[in-house]
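Asker: Okay, predicted coordinates and the sequence, questions at the end:
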Amino acid sequence: MNLVSYLLGIIKGTNNKHEERNVEISEGNYNENIGRDFIQVINQSSAKIPPPTGFPQNIPTSRTNKFIGRQTQLEALHQQLQDSNKVTIAHLEGMGGIGKTELAIQYSLKHLQQNSYPGGICWIRCREEDIGLQIVNFTRYKLGLNLPENLGTIDHQVKWLWERWQKGNKLIVLDDVKNFSDIQPYLLPLSSEFKVLITTRLKLDLDNPLFLNVLTESEALELLRQLVGSHKVNQELATATELGQRLGYLPLALQLVGRYVKKRGISLAEELQSLEKKGLLSHPSLEIPQNDPAWTANINLGAAAAFELSWQELSKSAQELGCLLSLFALAPIPWSLVESSAVEQSKEELEDARVELVNLHLLQSDGNYQLHQLIQEFFREKQNKLKKADEQKRNFCRAIVEKAREIQQTITLSDINNLNPFIPHIAETATIYQDWLSDEDLIVPFKKLGNFYNSQGAYTQALPWYEQSISVTRKRLGEEDCDVATSLNELGLLYYDQGRYSEAEPLYLQALELYKKLLGESHSYVATSLNNLGLLYYDQGRYSEAEPLYLQALELYKKLLGESHPDVAQSLNNLAALYDSQGKYSEAEPLYLQALELRKKLLGESHPDVAQSLNNLAALYKSQGRYSEAEPLFLQALELKKKLLGESHPYVATSLHWLALLYKSQRKYNQAEPLYQKALAIYEKTLGANHPHTIACQNNYEIFKQAKNNN
């Protein structure tokens, strides 16, 4: 016997005690999905319904007795609902698990106590249950309103009930609205006494949305204190902080994990370790235990289940975009990279899919596009199940590699600003998606990340990328491959820049021999290796070993690349510096001038290599005592480096050091001293106290101070 038939039997006087024990109709467990037949049956027997008692409200049980933060949002919400001249609608927006329903519950409970809504507080669940039937049910059981017969559709019935609702302000909560069109028919006409609160995962086209974000770090820690105890959190404060970060400060996730830790009696460190090992969303602490009333009475959905509701509302195209976005790092995502990765979708299709994700708050869009870490993990699990998961990852890697190739050996502040948004995603590719990089592209993310940091003097950050470049290329490509030689050469360059000459030399030699073996004696890579090795010997004062290498590199570059190429200019500059150091000024000057003109022609007037040429030519003039010619070139080089590289770059320190030496030679001590001090401070900060450049600057400064004291 179905429920409707049973109710008809009750109304007609049927006496079936067994069925009466198993089917109970009450205010607390009335199922709004029974259907219109039930409404009609009840209409025929209004005398059987007991009169309402108490304040008219059906506020759900709070999901937590540990409600932290959100005071500002509670106040803003109440303010929005206070217009007395018209029906007011406030709406809470945010991703699943952010706490929209709980905030609405807390608001309702607070104003139930304050009697702000004497007309009643009516809570409507909009996701799974019939909205109209819930309104009819509330008014029948809470207000004692009985519908007359033949009112027609449920819309007409609700309209009739709105008009006869008891006096006084009343709050209507429409919780978890899936589609505004579902609720729109019920919102008009309403009198100004009606205050409507909507919670939704959607971006609705309504005024003044109240967007709920994740908790702050301090709020997350306080919530954990409330859940697991202050002593435990304070004792494991660093772990608690990391746990909050790992959960993205999402209230639902913090609630679930806090309850789990408390129930199991484990430490926060044990929980964090277990989360890292098993994965967040698949961990039992982020799921709701089956048939456990201690949990399900308060929290209905685990984190993954909460996200699944939003996932099911997405089109296939939006689901695929969510999977693609999950491959990116947890950082703002440049949309140009997404477009380059989504090779099968047009810009218009991609835009439509993006709008879907943004509208469901699955994609943050406050000027940048970014995923919450739990949403990212949820999408990654979905991505792994895609039929074209590997193809999507390969397309992603190809797009990242193309962007990475834009990173040059020497980069300016402007380059850094332009490239910074892409760096986390290049790193993600190198770290996680190596298997989807082609053999040709394998070295690129590692080499370019190393170049990015090395060119800024951030040697510590560059080192692991160069080291990984060697190990990764050797593992996949074998010991004898050009990319292995390149990786050795790049690490050698880093060691050279750090002044670790004895470590750089064997790497340079290995790279040179490997290039010769694989490419032959006449190749630009061989010329580069010769040039690097010559530069290393020059800095060590091994001039007789450096010169033949420089000459070989220069001839090779000219032969292979032509007379007009940046690498030719670099070779000319290096050879000139060698002759300058040996006092061969007449041989050095024309080479410096050729290098300078070539760089200006090829690179423009505003380039770090042009600044280097200016500085070197000025140093030559200083060595010759041509101070009036040297000073303006030093100053030009210094200003150009500051402009292009920033005030704190090691190359800026080099220019400051040279200018100080010039003024010292002219006995302009007051002008020289602050330059020594600035140069030394930059060297110590960027290169360290034991770098050859730092030591040379320190020694020259000591000599300067002695000379100053003697005069």
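Answerer: Nice, thanks for sending it over. Numbering: from 1, shown residues only.
Asker: So which residue is smack in the middle of the protein?
Answerer: residue 331 (1.6 Å; Cα atoms, centre = their mean).
Asker: In this structure it contacts residue 370, no?
Answerer: Yes: between residue 331 and residue 370 there is a contact at 6.8 Å, judged by Cβ atoms under 8 Å. No exception for glycine: its C-beta is placed from N, CA and C like everyone else's.
Asker: Quick check: closest non-adjacent residue to residue 630.
Answerer: residue 621 (3.8 Å; Cβ to Cβ, 6 or more residues apart in numbering).
Asker: list the helices and strands the one helix or strand that neighbour maps to packs on?
Answerer: Residue 621 belongs to helix 608-623 when elements are defined using DSSP states H and E. Applying 3 or more Cβ pairs under 8 Å, 6 or more residues apart in numbering; DSSP states H and E, we find helix 608-623 packed against helix 566-581, helix 585-603, helix 627-645, helix 650-665.
Asker: Out of the ones you listed, which gets nearest to residue 108?
Answerer: helix 627-645 (58.5 Å; Cβ to Cβ).
Asker: Tell me the spacing between residue 376 and residue 634.
Answerer: Distance of residue 376 to residue 634, given as Cβ to Cβ, to the nearest Å: 51 Å.
Asker: Tell me which of the two has more neighbours.
Answerer: Set residue 376 next to residue 634 and count neighbours by other Cβ atoms under 10 Å: residue 634 wins out with 25 against 21.
Asker: wait, isn't the more buried one in contact with residue 618?
Answerer: Yes: using Cβ under 8 Å, residue 634 is in contact with residue 618, at 4.4 Å.
Asker: shared neighbours, the two?
Answerer: Overlap of the contact sets of residue 634 and residue 618 (by Cβ atoms under 8 Å, 6 or more residues apart in numbering) consists of 658, 662.
Asker: mind giving me the domain ranges of this protein?
Answerer: 3-48, 217-304, 308-415, 629-711 (automatic domain parsing).
Asker: ok so, going back, secondary structure element for the residue lying closest to the residue nearest to the centre of the chain once chain neighbours are set aside?
Answerer: Closest residue in space to residue 331, ignoring its immediate chain neighbours: residue 424 at 3.9 Å, by Cβ to Cβ, 6+ apart. Following DSSP H and E, one finds residue 424 within helix 423-432.
Asker: quick one: average confidence on that helix?
Answerer: When pLDDT is averaged over helix 423-432, the result is 97.
Asker: which residues sit in contact with residue 512?
Answerer: 526, 529-530, 533.
Asker: That one and residue 645, how far apart?
Answerer: 29 Å.
Asker: Buried residues of stretch 544-562, list them for me.
Answerer: The neighbour-count check on stretch 544-562 (16 or more other Cβ atoms under 10 Å) flags 546-547, 549-550, 552-554, 556-558, 560 as buried.
Asker: Figure out how far it is from the centre of its chain.
Answerer: 46 Å (Cα atoms, centre = their mean, to the nearest Å).
Asker: again with stretch 531-543
Answerer: 43 Å.
Asker: average model confidence for that stretch?
Answerer: 96.
Asker: Now do the buried residues in that stretch.
Answerer: For stretch 531-543, by 16+ other Cβ under 10 Å, it's 531-539.
Asker: pull the CA atoms of that stretch into PDB?
Answerer: C-alpha atoms of stretch 531-543 as PDB (Å, rounded to 0.1, in the frame of the first residue of the first chain):
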ATOM      1  CA  ASN A 531      83.400  30.600 -24.800                       C
ATOM      2  CA  ASN A 532      82.200  29.500 -21.400                       C
ATOM      3  CA  LEU A 533      85.300  27.700 -20.600                       C
ATOM      4  CA  GLY A 534      87.400  30.600 -21.800                       C
ATOM      5  CA  LEU A 535      85.400  33.000 -19.500                       C
ATOM      6  CA  LEU A 536      86.100  30.700 -16.600                       C
ATOM      7  CA  TYR A 537      89.800  30.700 -17.200                       C
ATOM      8  CA  TYR A 538      89.800  34.500 -17.700                       C
ATOM      9  CA  ASP A 539      88.200  35.000 -14.300                       C
ATOM     10  CA  GLN A 540      90.900  32.800 -12.700                       C
ATOM     11  CA  GLY A 541      93.600  34.800 -14.400                       C
ATOM     12  CA  ARG A 542      94.500  31.900 -16.700                       C
ATOM     13  CA  TYR A 543      94.900  34.200 -19.700                       C
END
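Asker: what does that stretch rub up against?
Answerer: 489, 492-493, 496, 501, 504-505, 508-509, 512, 545-547, 549-550, 553, 567, 570-571, 574, 577-578, 581-582, 692.
Asker: same question, stretch 264-272
Answerer: 224, 228, 232-233, 236, 239-240, 242-243, 246, 257, 260-261, 285.
Asker: What are the buried residues along that stretch?
Answerer: 266, 268, 271-272.
Asker: what's the average pLDDT for it?
Answerer: The model assigns stretch 264-272 a mean pLDDT of 91.
Asker: Next: stretch 504-518.
Answerer: Per-region confidence: stretch 504-518 scores 97 on mean pLDDT.
Asker: Relative to the whole chain's centre, how far out is it?
Answerer: How far stretch 504-518 lies from its chain's middle: 39 Å, per Cα atoms, centre = their mean.
Asker: go on, stretch 526-538?
Answerer: Worked out by Cα atoms, centre = their mean, stretch 526-538 lies 40 Å from the chain centre.
Asker: What confidence value was assigned to the residue nearest to the centre of the chain?
Answerer: pLDDT, read off for residue 331, is 95.
Asker: Name the SS class of it, please.
Answerer: Secondary structure of residue 331, reduced to three states by DSSP: H, G, I helix; E, B strand; the rest coil: coil.
Asker: in the stretch 101-250 of the chain, which spans are helices?
Answerer: For the stretch 101-250 of the chain, applying DSSP state H, counting those that start in this stretch gives helices covering 131-138, 154-163, 180-183, 217-228, 230-235, 237-246.
Asker: Most tightly packed of those?
Answerer: Highest mean neighbour count among the helices of the stretch 101-250 of the chain (mean count of other Cβ atoms under 10 Å): helix 131-138, with a mean of 22.
Asker: can you redo the helices and strands packed on helix 608-623 as TSV with mean pLDDT and distance to residue 123?
Answerer: Shown next, in TSV, are these (pLDDT from 0 to 100; distance: least, Cβ to Cβ, whole Å):
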stretch	mean pLDDT	distance to residue 123
helix 566-581	96	71
helix 585-603	96	68
helix 627-645	96	61
helix 650-665	95	65
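Asker: could the ones you listed be laid out in a markdown table, adding distance to residue 354?
Answerer: Shown next, in a markdown table, are the helices and strands packed on helix 608-623 (distance: least, Cβ to Cβ, whole Å):
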| stretch | distance to residue 354 |
| --- | --- |
| helix 566-581 | 40 |
| helix 585-603 | 39 |
| helix 627-645 | 36 |
| helix 650-665 | 42 |
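Asker: closest to residue 416 out of those?
Answerer: Of the helices and strands packed on helix 608-623, nearest to residue 416 by Cβ to Cβ is helix 627-645, at 9.1 Å.
Asker: Can you tell me which helices and strands the closest one packs against?
Answerer: Here helix 627-645 touches helix 413-419, helix 608-623, helix 650-665, going by 3+ Cβ pairs under 8 Å, 6+ apart.
Asker: That helix relative to helix 608-623, how many degrees between them?
Answerer: Per axes from the mean of the first three to the mean of the last three Cα atoms, to 10 degrees, the angle that helix 627-645 makes with helix 608-623 is 160 degrees.
Asker: Please work out which residues outside helix 627-645 touch it.
Answerer: 412-414, 606-608, 610-612, 614-615, 617-619, 621-622, 649, 651-652, 655-656, 658-659, 662, 665-666.
Asker: and those residues, which are buried?
Answerer: Applying 16+ other Cβ under 10 Å to the contacts of helix 627-645 flags 412, 607-608, 610-612, 614-615, 617-619, 621-622, 649, 651-652, 655-656, 658-659, 662, 666 as buried.
Asker: Perfect, that will be all.
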